[in-house]
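# How does the following fold in three dimensions:
(chains A and B)
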Number of protein chains: 2
Amino acid sequence: MRVLITGAGGFLGRGLASALAERPGDLSRLVLTDIALPGQPPAGAQIVTGDLGESDFLDNLLQGGFDLVFHLASLPGAFAETAPDEGYRANLLVSLELARRLAAKRRGARLVFTSSIAVYCDLAGRCVTEHTPTDSVLSYGTHKRMTEIFLADMARRRELGAISLRLPGLVARPPGPSQHGSAFMSLIFHEIAAGRVYRCPVPADASCWWMSRAAAVSALRHAASLGPASLTVLQPPVLHAAIGDVAAAVERFTGRRGLIEWGEDVHLTRLFGAMPPLDAGPAQRLGFRADADLDALARAALAGDCS
Amino acid sequence: MRVLITGAGGFLGRGLASALAERPGDLSRLVLTDIALPGQPPAGAQIVTGDLGESDFLDNLLQGGFDLVFHLASLPGAFAETAPDEGYRANLLVSLELARRLAAKRRGARLVFTSSIAVYCDLAGRCVTEHTPTDSVLSYGTHKRMTEIFLADMARRRELGAISLRLPGLVARPPGPSQHGSAFMSLIFHEIAAGRVYRCPVPADASCWWMSRAAAVSALRHAASLGPASLTVLQPPVLHAAIGDVAAAVERFTGRRGLIEWGEDVHLTRLFGAMPPLDAGPAQRLGFRADADLDALARAALAGDCS
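Coordinates of the predicted model:
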């Protein structure tokens, strides 16, 4: 099986590439692409750097034909909101063109697309399912939603075996500059572990959706293994917990006492810290799993591996 | 006010152009564009023929800046379903690029987009509102829905004062070759009026949504007159009636007895003849109106004017 990962230089992409390289199964070819791929690639993987928005690059990349593509490449939501032209190209047009050209080369290929919980509208405490109205307050979520709809139509036409997974902000991304609005959800892990004072922008009772990179990698691989899906958009299960409770789990795992000053950022709380319960029944029945509990989340988030 | 109509050579476009030219209000410039514009244009209108999918043509067209654009241009759904590449370009990319470039020239310009009831999924008898799940069974509806979402995001960003109206198949389109799956809804008017035998593809109790061109023109003009809308997607009210009842109204209006052989086309009945009731309350409260009744519909459909 010939497999392509776009956005392979990112946090999730690196984890997925490592996991595939470690347990290759029937993998005959693994191609990793991104603008840049720093560090050592996993053994056996082929690296192709370039801009998916360049038509010729995209054509050359897809030339050999792939049976399975994990399309992870995107610009982070907070950045895209300030750079609408770049967001339009990277988060919308690239996804549409990648899907079309993949299908033209290999009709019926499997495409696993990382959509985002940013597709949902203001949730106002409602329990969320795939059927929750989508009316994103970010262009990032708008483009993800448009791509979901586009891919579902391609699946209906049997051009691709496409499936979209709505992922939350994953933890714990490496510390450092971030264009992700949800960066605080990762930083709190690192800052407690390092014993540093952390000024968290949202209050302790801000209620977020949590998923480790390892759980996201498992979800992507599981999505790839499903037959041509009648369900083309899935909300994988995640943990739903107050950030204060997550901080307590990190304290238990690290044995360090958190030095946290809780903030009141209304915008970030609205986007990431006012998440209602989630009914991920359809995905659970298909075998998707969240991290087991907050202690498992803390362990996975700080372990840094994706096995 | 500088106004542009795309798709101005089509059935709805010709009606809208005539209506605007007759009652120009504060119109200072009226530009009509389409691939071709047969017949005599309304007095005072400027004609620009070309392909909106050509980047240079689009830029030149928008150069002067418009305060209001009625974006009607699209490929019919039945045709787009058989020609996915053409549909993708004409029904999706053109709409996105038109909106982006219009906003770049004149931030906050008003854009009235003719979406379609094809955005809805299989309705299974449910009463329809704007909140009815959208999961189109046509690429045409998929592209319309993606454009609605895109325009709503541009409106949220205050780049455009965009509003999308979900129109049904309009009656009575001129007889002749049609790429519209809903062509039968127009043909039945003409065939009864002409006293010809008509083999209608759907049964007499097929339940459709009906709107005359005159009512659609009024809805477009009313949409243009609203202030920057909090509602960016509207389902205008329409008549909900069995096609047999519409045939009876045409008989009353024309004084002719219909010679109709009713068919059993399952596909067309599913797409157009299994429409449930509609709750268009939000649009009604904003002043949108359906045709008064089936007799008014028959009169408007066969009168051929849009005053």
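
# and the most far-flung residue of chain A relative to its centre, what does it touch?
Ranked by distance from the centre of chain A (C-alpha atoms, centre = their mean), the top residue is A:Arg257, with 29.7 Å. Shown here is A:Arg257, whose contacts under the criterion C-beta atoms under 8 Å, 6 or more residues apart in numbering or on different chains are A:Glu251. Every C-beta, even on glycine, is put in place using the N, C-alpha and C of the backbone.

# For the closest residue to chain B within the stretch 151-300 of chain A, which non-adjacent residue is spatially closest?
When C-beta to the nearest C-beta is the measure, the stretch 151-300 of chain A has its nearest residue to chain B at A:Asp153, with 4.0 Å between them. Residue nearest to A:Asp153 in three dimensions, not counting chain neighbours: B:Thr142, with 4.0 Å by C-beta to C-beta, 6 or more residues apart in numbering or on different chains.

# Report the inter-axis angle for the one helix or strand that neighbour maps to versus helix A:139-156.
Per DSSP states H and E, B:Thr142 falls inside helix B:139-156. With axes from the mean of the first three to the mean of the last three C-alpha atoms, to 10 degrees as the criterion, the two stretches helix B:139-156 and helix A:139-156 enclose an angle of 180 degrees.

# so where's the stretch 201-307 of chain A uncertain?
Of all residues in the stretch 201-307 of chain A, those with pLDDT under 70 make up the ranges A:228-230, A:304-307.

# residue ranges for the strands of it, please.
With DSSP state E, counting those that start in this stretch as the criterion, the stretch 201-307 of chain A has strands at A:207-212, A:233-234, A:239-242, A:259-262.

# Mind checking the ones you listed for the one nearest to B:Arg196?
Closest to B:Arg196 of the strands of the stretch 201-307 of chain A is strand A:233-234 (C-beta to C-beta; 47.0 Å).

# Mind listing residues that contact that closest one?
Outside of strand A:233-234, the residues that reach it under the criterion C-beta under 8 Å, 6+ apart are A:115, A:130, A:148, A:152, A:163-166, A:223, A:282-283, A:286, A:288.

# Could you say which of the residues you listed is surrounded by the most neighbours?
Per-residue neighbour counts (other C-beta atoms under 10 Å in any protein chain shown) across the contacts of strand A:233-234 peak at A:Ser164, which has 31 neighbours.

# nearest to B:Asn60, of the contacts of strand A:233-234?
A:Glu148 (34.5 Å).

# So that closest one is in contact with A:Phe113, correct?
Yes. In terms of C-beta atoms under 8 Å, A:Glu148 counts as a neighbour of A:Phe113; the distance is 7.3 Å.

# so what sits against both of the two?
What both A:Glu148 and A:Phe113 touch, as defined by C-beta under 8 Å, 6+ apart, is the set A:Ser164.

# roughly how far is stretch A:221-237 from the heart of the chain?
What separates the centre of stretch A:221-237 from the centre of its chain is 14 Å, taken as C-alpha atoms, centre = their mean, to the nearest Å.

# try stretch A:187-199
Relative to its chain's centre, stretch A:187-199 lies at 23 Å (C-alpha atoms, centre = their mean).

# buried ones in that stretch?
With burial defined by 16 or more other C-beta atoms under 10 Å in any protein chain shown, the residues of stretch A:187-199 counted as buried are A:187-193, A:198.

# if we can go back for a sec, backbone dihedrals for the residue farthest from the centre of chain A, please?
Here is the backbone geometry of A:Arg257 (degrees, to the nearest 10): phi -90, psi 130.

# From A:Arg196, how far out is it?
With the distance defined as C-beta to C-beta, to the nearest Å, A:Arg257 ends up 12 Å from A:Arg196.

# just A:Arg107 next, same as before
53 Å.

# what residues does chain A put near chain B?
Along chain A, the residues adjacent to chain B under the rule C-beta under 8 Å from any C-beta of the partner chain are A:84, A:88, A:92, A:96, A:100, A:131, A:133-137, A:139, A:142, A:145-146, A:149-150, A:152-153, A:156-157, A:159.

# and the contacts of strand A:233-234, which two are the farthest apart?
Across the contacts of strand A:233-234, no pair lies farther apart than A:Ala152 and A:Phe288, at 18.2 Å, counting by C-beta to C-beta.

# Could you pull out the buried residues of stretch A:252-263?
Judged by neighbour count using 16+ other C-beta under 10 Å, the buried positions of stretch A:252-263 are A:253-254, A:258, A:260, A:262-263.

# returning to that earlier point: just list what the helix holding B:Thr142 packs against, helices and strands only.
For helix B:139-156, the elements it packs on are helix A:139-156, helix B:77-82, helix B:84-87, helix B:94-105, strand B:109-116, strand B:160-167, judged by 3 or more C-beta pairs under 8 Å, 6 or more residues apart in numbering or on different chains; DSSP states H and E.

# Buried residues, that helix. List them.
Taking 16+ other C-beta under 10 Å as the basis for neighbour counts, the residues of helix B:139-156 that come out buried are B:139-156.

# Can you list the low-confidence ranges for the stretch 1-150 of chain A?
For the stretch 1-150 of chain A, the stretches flagged by pLDDT under 70 are A:121-135.

# just to revisit the earlier point, output the helix holding B:Thr142 as CSV - backbone C-alpha positions only.
Output for helix B:139-156, consisting of C-alpha atoms alone and laid out as CSV, is shown next (Å, rounded to 0.1, in the frame of the first residue of the first chain):
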residue,chain,number,x,y,z
SER,B,139,-22.7,18.0,-6.6
TYR,B,140,-24.6,21.1,-7.6
GLY,B,141,-26.2,21.3,-4.2
THR,B,142,-22.8,20.6,-2.6
HIS,B,143,-21.2,23.5,-4.3
LYS,B,144,-24.1,25.8,-3.5
ARG,B,145,-23.9,24.9,0.2
MET,B,146,-20.1,25.4,0.2
THR,B,147,-20.6,28.8,-1.3
GLU,B,148,-23.3,29.7,1.3
ILE,B,149,-20.8,28.8,4.1
PHE,B,150,-18.0,30.7,2.4
LEU,B,151,-20.2,33.8,2.0
ALA,B,152,-21.4,33.6,5.6
ASP,B,153,-17.8,33.7,6.7
MET,B,154,-17.1,36.7,4.5
ALA,B,155,-20.1,38.4,6.0
ARG,B,156,-18.9,37.6,9.5
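
# what is the orientation angle of it with strand B:109-116?
Angle between the axes of helix B:139-156 and strand B:109-116 is 150 degrees (criterion: the same axes, to 10 degrees).

# so where do the helices sit in chain A?
A:11-22, A:55-62, A:77-82, A:84-87, A:94-105, A:139-156, A:183-194, A:213-225, A:243-254, A:266-272, A:281-285, A:294-303 (DSSP state H).

# before we move on, the earlier item: between the buried residues of stretch A:187-199, which is nearest B:Gly50?
Taking C-beta to C-beta as the measure, B:Gly50 sits nearest to A:Leu187 out of these, at 52.4 Å.

# nearest residue to that closest one other than its sequence neighbours?
A:Pro175 (6.2 Å).

# give me phi/psi at that neighbour?
In this entry, A:Pro175 is assigned phi and psi values of phi -70, psi 170 (degrees, to the nearest 10).

# Would you confirm that it contacts A:Ile188?
No. Between A:Pro175 and A:Ile188 no contact is recorded; they are 10.5 Å apart, counting by C-beta under 8 Å.

# how near is A:Gly181 to B:Ala292?
Distance from A:Gly181 to B:Ala292, counting by C-beta to C-beta: 50 Å.

# quick one, which of those two is more surrounded?
Counting neighbours by other C-beta under 10 Å for A:Gly181 and for B:Ala292 shows that A:Gly181 has the greater number, 21 against 12.

# Next one: the more buried one from A:Gly108, what distance?
Counting by C-beta to C-beta, the gap from A:Gly181 to A:Gly108 is 36 Å.

# Which one of the strands of the stretch 201-307 of chain A lies nearest to B:Ala242?
Across the strands of the stretch 201-307 of chain A, B:Ala242 has its closest neighbour in strand A:233-234 (34.7 Å, C-beta to C-beta).
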